[in-house]
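[1] From the sequence below, what's the structure:
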Amino acid sequence: MTDSMDVRLRDVIDDQVAEAFDAYLADRLTEPGPLRTALAAGRGAGVVLGTIGLGVLATACAPVAVPVLCWIWGAIAVVDVIWLLTAHR
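    Numbers count the residues shown, from 1 in each chain. Purely as a prediction, here's the structure:
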């Protein structure tokens with residue numbers, strides 16, 4: 001009997017957590033951010049997607065050295081952040 005109560009209680013808690021998370025995400029999606037600003041300004045996400053695509057290609061071709069991969073993805077992050085921050089100007 002207690003096992004079935006535990007299962008029901010966990011289901012109720014899971015439902016409440018899922019509803020709270022959904023409400024949190026809905027609130028966050030309405031907040032302005034750099035990507036939303038860039039898209040609203042008419043600048044597509046092509047630069048970001050392009051740099052990620054090039055990063056995947058570079059990762060596939062790079063030697064299996066962690067520092068090389070860190071430099072590749074670090075450069076991609078810098079380019080994307082600069083692009084997003086200057087998108088609203």
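[2] going forward, measure contacts between C-alpha atoms and count neighbours the same way
    OK.
[3] The closest residue to residue 47 other than its chain neighbours and residue 18: what is the separation?
    For residue 47, ignoring the flanking residues on the chain, the nearest one in space by CA to CA, 6 or more residues apart in numbering is residue 80 at 7.4 Å. To residue 18, residue 80 is 32 Å away according to CA to CA, to the nearest Å.
[4] neighbour count winner among those two?
    Counting neighbours by other CA atoms under 10 Å for residue 80 and for residue 18 shows that residue 80 has the greater number, 20 against 12.
[5] contacting residues around that one?
    Residues counted as contacts of residue 80 (CA atoms under 8 Å, 6 or more residues apart in numbering) are 47-48, 51.
[6] just checking, next helix/strand downstream of the lowest-mean-pLDDT helix or strand in the chain?
    Lowest by mean pLDDT, DSSP states H and E among the helices and strands of the chain is helix 34-40, with a mean of 63. Counting by DSSP states H and E, the next helix or strand C-terminal to helix 34-40 is helix 46-61.
[7] Ramachandran angles for residue 63?
    The phi/psi pair for residue 63 (degrees, to the nearest 10) reads phi -70, psi 160.
[8] per-domain residue ranges of this structure.
    Following automatic domain parsing, one gets these domains for the chain: 1-31, 34-89.
[9] Run a quick neighbour tally on residue 78.
    The burial count for residue 78: 11, using other CA under 10 Å.
[10] now do residue 62
    Neighbourhood size, residue 62 [other CA under 10 Å]: 14.
[11] Enumerate every residue touching it.
    Going by CA under 8 Å, 6+ apart, residue 62 touches 68-69.
[12] before we move on, back to that, what inclination does the host helix or strand of the residue nearest to residue 47 have with respect to helix 46-61?
    Assigned by DSSP H and E, residue 80 belongs to helix 66-86. Angle of helix 66-86 versus helix 46-61, following axes from the mean of the first three to the mean of the last three CA atoms, to 10 degrees, is 180 degrees.
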